[in-house]
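Asker: got a sequence here, can you build the structure:
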Amino acid sequence: MPSLRRTGLVAALVTVPFALAYRFALLYRIRAGFPIPRPPQLSPADMGLPFEPVDVHSGDLTLPGWFIPARDGSPGPGVALVHGWESARDRLLPMAVFLHAAGFHCLAIDVRGHGANAAETLPISAGEFGSDALAAFRALDARPEVTVGAVLGHSMGAIGAILAAAEEPRIAAVVSTSAPADPWRLTRQTFRLARLPFPDAIAWPLAWLTTRVYLRPRGHRMTRISASEALRTLDRPILLVHGSADPVVPIAHLERLAAVARRAGRSVEMLTIEGGQHSWLYEFPAYRRAVAEFLARVLGGPFEPAEAGALAAAAETHRLPDTPRPQTAVQREPGGLRSLVALAVPFRRAGQGIGDIEDPDGDRQPPPAPVRTDSDAAGIPS
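Answerer: Okay, the predicted model is just below:
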């Protein structure tokens, strides 16, 4: 009998923590996997840009988008633009402004579950950003105005751009801005952003399990939707950009991506924006210049790299004004122990909690205390 009791005690000590961790993972998936669609409030016309509404087919879905021609529609290179988590294509308009000035056609979409799309019934991950980034590029590539194309993505959209390029050899180049390196590292970071009191010895294995559970409904494998893994095989020119003061996706993610690429014998270009945070790097002339020069060089024009860089750096690009839109999760998440306790309450409405904490430009933010409602709440989305 004593040995049976000991066996039962050991089994309980092993089973109970795993059961609690699995429950946490299930609730995390419910609360973190469903962004609230926030329809665009502005159009390219508000920025003085010509445009054409387009439908982009991604699997069984039709995604709304804009094609923004440059140089009066003359043939030349183009760039597909992919936004981050809980954002929309209008938040990409400042990017389109400086790329248009540098002579590049642009095509921007709303990723599924975002913008003007309906809410999704299954959780959204980097896998869906990759599928939709690929669809955006193929729609761009099919345009008669476009001779060669690249993909530029921000945050979760940056992972999508890398995944799309690893699948589609016609993508000539990638610009990745503020990209998380791996899905499980991103999950671990969301624990930090919500100030969940997990020591690393618990947080890392919990993040690994949580990510596995999160991805199960759509059948994704972590390695298949990892920017780090994709870079091991990606043989196209890539520019990795990160802000040195990014509190959302720390710059260590950039360093990991670059190290993985180097170990695989891949050549990548890197740009660190000193003082840059997670969003709005386009406000730095150095960012605009570097992106335009890189694209002009690898796509072969339409201007010489130095001229394209100068045109982009001179473009007026400011963050968009906040307009009335659904409340962001940064305004909903209590953070800390209160978030941890709330995770014990099952079936909160999808999109209301930990893991989808984003600013009005669609980029993850640490939940402030007390909550501030302006777009600079964290000094700065997936």
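
Asker: tell me the SS of residue 317?
Answerer: What DSSP: H, G, I helix; E, B strand; the rest coil gives for residue 317 is coil.

Asker: verify the stated contact: it with residue 94.
Answerer: Yes - counting by CB atoms under 8 Å, residue 94 is a contact partner of residue 317 at 4.2 Å. Bear in mind the C-beta positions are built from the backbone N, C-alpha and C, glycine included.

Asker: common neighbours of those two, please.
Answerer: Listed contacts common to residue 317 and residue 94 are 282-283; contacts here mean CB atoms under 8 Å, 6 or more residues apart in numbering.

Asker: other SSEs contacting the helix or strand harbouring residue 209?
Answerer: Element membership for residue 209 (DSSP states H and E) is helix 200-215. Judged by 3 or more CB pairs under 8 Å, 6 or more residues apart in numbering; DSSP states H and E, helix 200-215 is in contact with helix 2-32, helix 183-193.

Asker: and the most centrally placed residue in the chain, how far from residue 264?
Answerer: Against the mean C-alpha coordinate of the chain, by CA atoms, centre = their mean, the closest residue is residue 156 at 1.5 Å. To residue 264, residue 156 is 23 Å away according to CB to CB, to the nearest Å.

Asker: for residue 293, give me phi and psi.
Answerer: phi -60, psi -40 (degrees, to the nearest 10).

Asker: count of neighbours near it?
Answerer: When counting by other CB atoms under 10 Å, one arrives at 22 neighbours for residue 293.

Asker: which of the helices and strands packed on helix 200-215 has the lowest mean pLDDT?
Answerer: Mean pLDDT is lowest for helix 2-32 among the helices and strands packed on helix 200-215, at a mean of 67.

Asker: direction included, what does the very next helix or strand once past it pair against?
Answerer: Using DSSP H and E, the next helix or strand after helix 2-32 towards the C-terminus is strand 52-58. Using DSSP bridges, strand 52-58 pairs in its sheet with strand 61-68 (antiparallel).

Asker: alpha carbons of the strand it pairs with, as CSV, please.
Answerer: Extracted in CSV, the C-alpha atoms of strand 61-68 (Å, rounded to 0.1, in the frame of the first residue of the first chain):
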residue,chain,number,x,y,z
LEU,A,61,-10.9,33.6,-49.4
THR,A,62,-11.1,36.8,-51.2
LEU,A,63,-9.0,39.5,-49.5
PRO,A,64,-9.6,43.2,-50.2
GLY,A,65,-6.7,45.3,-51.3
TRP,A,66,-5.4,48.3,-53.1
PHE,A,67,-3.1,48.5,-56.1
ILE,A,68,-1.1,51.8,-56.1
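
Asker: and the next element down the chain from it?
Answerer: Criterion used, DSSP H and E; the element after strand 61-68 is strand 76-82.

Asker: contacts for the following helix or strand past that following strand?
Answerer: Using DSSP H and E, the next helix or strand after strand 76-82 towards the C-terminus is helix 93-101. Contact with helix 93-101 is made by 42, 44, 46-47, 49, 68, 70, 79, 81, 106, 108, 152, 154, 282-283, 288, 291-292, 295, 311-320, as judged by CB under 8 Å, 6+ apart.

Asker: got it, and stretch 55-73?
Answerer: 43-44, 49-54, 76, 89, 96, 99-100, 103-112, 115-117, 131-132, 134-136, 139-140, 143, 145, 302.
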